[in-house]
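fold the following and give me the result.
(one chain, ligands or ions: 1)
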Amino acid sequence: MDDRITTIVNDSLDAIAGAGDIAGLDAIRVATLGRKGSITLLMKGLGTLDPQARRQAGQALNAAKDDLQSAIDRRRGELERQRLDALLEAERIDVTLPERPAPGGTVHPVSQATDEIIAILADMGFTVAEGPDIEDDWFNFGALNMPEEHPARQEHDTFYLLPAAGGARPVLRTHTSPVQIRHMLDNPPPIRIIAPGRTYRSDSDLTHTPMFHQVEGLVIDRDIHMGHLKGCLRQFVEAFFGVDDVPMRFRPSYFPFTSPSMEVDIGCSFSGNRLTIGEGEGWMEVLGSGMVHPRVLANGGVDPEAWQGFAFGLGIDRLAMLKYAIPDLRGFFDADLRWLRHYGFRPLDVPTLYGGLTP
Ligand code: DAH
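Numbering: from 1, shown residues only. Just a heads-up that it's a prediction; the model follows:
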């Protein structure tokens, strides 16, 4: 009996010392001390021995059990420490590394200007409306009081698309004004919307690109008059350029969809090639506007006897050039990373009236 116990203990101690992981160690424990383990089975057999031998064997078995159990515990401790060391080694964090690098991209000046314009006008009570870039001839021209033969159509250098079967030619919208009609048809007055978006004309030189950006404004209510228009545009221009008491000039003009129509200039000075807004002898045109033509209201399903309003349209690219002192429009669309890094804005610095627009 003693020999058998000694053999089991020695073999098992060797195996325990050689166990490479916890699972292997567990298998040894089960094979010796488990319910059907070799030591356990020997203990169960003690009953068949005479009392003298039983006591001796019992003591030997208990001692063997204790030896094996403490060897297993010790080895388990070693293996767990090794596992933790390996884990710490593998998951090591170098706390001396710099924090997450600053984002490399920048916000395009057109996006920045659009966000600023929306922030200002939203604060004044306007909501943002949208329309499609591919527009029906009717919404882009006809409904805006420009019938087929109207000379103002010529000024728009329109991109025409192929006509649908039997239908009119769709166009790439030449301005954001068609959103006025679409919005009126879907929403009863009072109305107070702006519609920022892309616009297209077949025109390309220093100051024109085939795709550019506009914001349309439309206000319709019972007693809207030109004083509202002027006050609204003044407040907008002063907020956008961050200048109080900007000299403004409302010049009579012509647009088919407004009557009367005005172009708005703001005072500025040029010294060398530096432009300063809000002072000096010069004038810079920034937007077109007017009282909405009764025929346009009617085309939008609004009764011109009961409602009236004003509209305005401004070029975002041009406003961005003026505000951020960007001399050449074509850089906007070159996708030149150096240009974007120079003129772009920090991402996540969303302009708000409370957080601040760009100065
Ligand atoms: N749609 C005009 C353009 O692109 C701009 C414009 C002028 C819009 C006067 C208006 C307005 O709403 O009232 O040239």
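
switch to C-alpha atoms for all contacts and neighbour counts from now on
Fine.

read off the pLDDT value for Arg198.
We note a pLDDT of 98 for Arg198 in this prediction.

identify the residues contacting stretch 270-288?
With contact meaning C-alpha atoms under 8 Å, 6 or more residues apart in numbering, stretch 270-288 is reached by 241, 243-247, 261-269, 312-315, 318-319, 322, 325.

ok, then the element right after the top helix by length along the chain?
Using DSSP state H, we find that the single longest helix of the chain is helix 51-90. Note on helix 51-90: by DSSP states H and E, the next helix or strand toward the C-terminus is helix 109-123.

just checking: what are the partner strands of the helix or strand just after that following helix?
Using DSSP H and E, the helix or strand that follows helix 109-123 towards the C-terminus is strand 127-128. Strand pairing for strand 127-128, determined by DSSP bridges: strand 191-200 (parallel).

in whatever helix or strand comes next after the strand it pairs with, what counts as buried?
Next helix or strand after strand 191-200 toward the C-terminus (DSSP H and E): strand 211-221. Residues Phe212, His213, Gln214, Val215, Glu216, Gly217, Leu218, Val219, Ile220 are the ones in strand 211-221 that count as buried (16 or more other C-alpha atoms under 10 Å).

tilt between strand 211-221 and strand 191-200?
Relative orientation of strand 211-221 versus strand 191-200 (axes from the mean of the first three to the mean of the last three C-alpha atoms, to 10 degrees): 160 degrees.

what's the longest strand in this structure?
In the chain, taking DSSP state E as the definition, the longest strand is strand 258-271.

just the mean pLDDT for it, thanks.
For strand 258-271, mean pLDDT rounds to 91.

closest residue of the stretch 101-250 of the chain to the ligand?
Ranked by C-alpha to the nearest ligand atom, the top residue of the stretch 101-250 of the chain for proximity to the ligand is His175, at 4.4 Å.

please report phi then psi for that residue.
Per-residue torsions, His175: phi -160, psi 170 (degrees, to the nearest 10).

where's Pro347 relative to Arg100, distance?
Plainly put, Pro347 is 15 Å away from Arg100 if you go by C-alpha to C-alpha, to the nearest Å.

do Leu79 as well
Leu79 sits 36 Å away from Arg100, going by C-alpha to C-alpha.
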